[in-house]
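J.: Build me a model from this:
(one chain, ligands or ions: 1)
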Amino acid sequence: MSSIRYDRIHDTHVIIAPERLYRPDCSFGADELQNVEPTCAFCEGNESMTPPEIFATRNPQTLANTAGWQTRVVPNLYKAVQIEAPYAHHYGLFEYHEGFGAHEVIIDTPEHLTSMTQWNAQTAVQWLKTLRARVHDLRRDQRMAYISVFKNEGILAGATQTHSHTQMIGLPFVPNVARENYRRSYEHYKQHGISLLQSCVQHEEEQQERVIAKHGDFTAFCPFASAYAFEVMITSQKALGQIDTLSDESINTLAPLLLATLRVLKAQLVCFAFNLVITTPPLQEGSADYGMLSCVDEACRFAVRIMPRIYKHGGFEVGTGVYINPVLPEVAAKLLREGIDV
Ligand SMILES: [Zn+2]
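T.: Numbers count the residues shown, from 1 in each chain. Take a look at the predicted model:
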């Protein structure tokens, strides 16, 4: 059983999860594509190798935990937190939560594809709809304060399974970084009557220097202060809701832009490992405590952040939280803009 410890020295939390120690590391090089492992638990036909599914998009004639699905969601076997753990918060100098939470794996495709760059638009649409359904379901649990939605692709990004998959971790607390992000968004909105990301995208579109492409309501750009070389953010000026409330129309527009962005990154970087994060605002008013949740869609924009993992971080980054990025975002954006094909 894991425990979520509050680090009073650094004002952050740490999840101590002994079960994670035993997870198999099946990672290969980021570019070792289509290398089908006969024992891949995520491939269609091997459904019995995973815990029973929580959710799937599947052909209506097929049964749960059998072949015939497009996306499949299962509990993470090597979970950082678990839904069965007691929901308990212990106060004191050494403060901790019992390891309550949700840790789910979304198997993105029944085929053994190892990169999102190989997906077709329909796969990306199904994937977004699956994330929408799972976040929608998890947020009904009043104990969840925050849901992290992320994807690690390639060994340099921390992936230990080559079969394309995404993870979702629901937590009983709001991580500091998220709390601070949304506090700033809310303050900006209160002061200027416009969302912070909306202001940034407006400015990016006026300047054009760091914009890669615009497709429907969505804009892909390299953020002004990119922490990672070739970092890309996809968001919109319009309030389109959050991952659990995006419309089908928004999903259908976002999917091709996201894939085109990943493909041009792959073309430019060749060896392309990345972390992808979908922003999610805090879920519970008490945890956020800024009155923000009453205007969350106006104050916060849905966004996808793609962080290529080219350079490793050292003591400076770890010690200060300040990143050194050797590539000008303007140069990265120019290269990506010239090659993108949405
Ligand atoms: Zn597989």
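
J.: neighbours of the closest residue to Val211 other than its chain neighbours, just the number please.
T.: What sits nearest to Val211 in space, not counting adjacent residues and going by C-beta to C-beta, 6 or more residues apart in numbering, is Phe221, at 4.8 Å. For the C-beta atoms, the positions are set from N, CA and C on the backbone; glycine is no exception. Applying other C-beta atoms under 10 Å, we find 28 residues neighbouring Phe221.

J.: and Phe221, what does it touch?
T.: Residues near Phe221 by C-beta atoms under 8 Å, 6 or more residues apart in numbering: 201, 204, 210-212, 232-233, 333.

J.: any idea how far it is from the ion?
T.: According to C-beta to the ion, to the nearest Å, Phe221 stands 33 Å off from the ion.

J.: do Lys190 as well
T.: If you measure Lys190 against the ion using C-beta to the ion, the figure is 47 Å.

J.: what about that residue, which helix or strand?
T.: helix 176-192 (DSSP states H and E).

J.: residues in contact with that helix?
T.: Helix 176-192 is contacted by residues 11-13, 146, 148, 194-197, 199, 279-282, 287-288, 290-292, 295, 298-300 when judged by C-beta under 8 Å, 6+ apart.

J.: for stretch 308-324, same thing?
T.: 154, 156-157, 227-231, 265, 269, 272-275, 326.

J.: Then stretch 80-100?
T.: 1-6, 8, 15, 17, 20, 75, 101-103, 143, 169-173.

J.: quick one: buried residues of the helix ranked longest in the chain?
T.: Across the chain, the longest stretch assigned as helix under DSSP state H is helix 248-269. Buried residues in helix 248-269, counted by 16 or more other C-beta atoms under 10 Å: 250-251, 253-266, 268-269.

J.: ok, now stretch 123-138?
T.: Within stretch 123-138, the residues that qualify as buried are 123-132, 134-135, 138, counting by 16+ other C-beta under 10 Å.

J.: cool, stretch 184-192 as well?
T.: 185-186, 188-189.

J.: returning to what we had before: buried ones among the contacts of helix 176-192?
T.: 13, 146, 148, 195-197, 279-282, 287-288, 290, 292, 298-300.

J.: returning to what we had before: inside helices: which ones of the buried residues of stretch 123-138?
T.: Per DSSP H, the subset of the buried residues of stretch 123-138 in helices is 123-132, 134-135, 138.

J.: Up against the ion, what does the stretch 151-300 of the chain have?
T.: Taking C-beta under 5 Å from the ion as the criterion, the stretch 151-300 of the chain approaches the ion at residues His163.

J.: now with 8 Å?
T.: Residues of the stretch 151-300 of the chain found near the ion (C-beta under 8 Å from the ion) are 162-163.

J.: Which residue is it, in the stretch 151-300 of the chain, that comes closest to the ion?
T.: In the stretch 151-300 of the chain, no residue comes nearer to the ion than His163, which is 3.4 Å away by C-beta to the ion.

J.: ok so, going back, kindly export the helix holding Lys190 (C-alpha atoms) in CSV.
T.: Coordinates of each C-alpha in helix 176-192 appear next as CSV, following Å, rounded to 0.1, in the frame of the first residue of the first chain:
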residue,chain,number,x,y,z
ASN,A,176,1.5,22.4,-5.8
VAL,A,177,2.4,23.1,-9.4
ALA,A,178,-1.3,22.7,-10.4
ARG,A,179,-2.5,24.7,-7.5
GLU,A,180,-0.1,27.6,-8.3
ASN,A,181,-0.9,27.4,-12.1
TYR,A,182,-4.6,27.7,-11.5
ARG,A,183,-4.3,30.3,-8.8
ARG,A,184,-2.4,32.5,-11.3
SER,A,185,-5.0,31.8,-14.0
TYR,A,186,-7.7,32.8,-11.7
GLU,A,187,-5.9,36.0,-10.5
HIS,A,188,-5.3,37.0,-14.2
TYR,A,189,-8.9,36.4,-15.0
LYS,A,190,-10.2,38.4,-12.0
GLN,A,191,-7.9,41.3,-12.9
HIS,A,192,-8.2,41.4,-16.7
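
J.: Okay, and Val149 sits in which element?
T.: Per DSSP H and E: strand 146-153 holds Val149.

J.: If we only consider the ones in helices among the buried residues of stretch 123-138, which is nearest to Gly339?
T.: Ala124 (19.0 Å; C-beta to C-beta).
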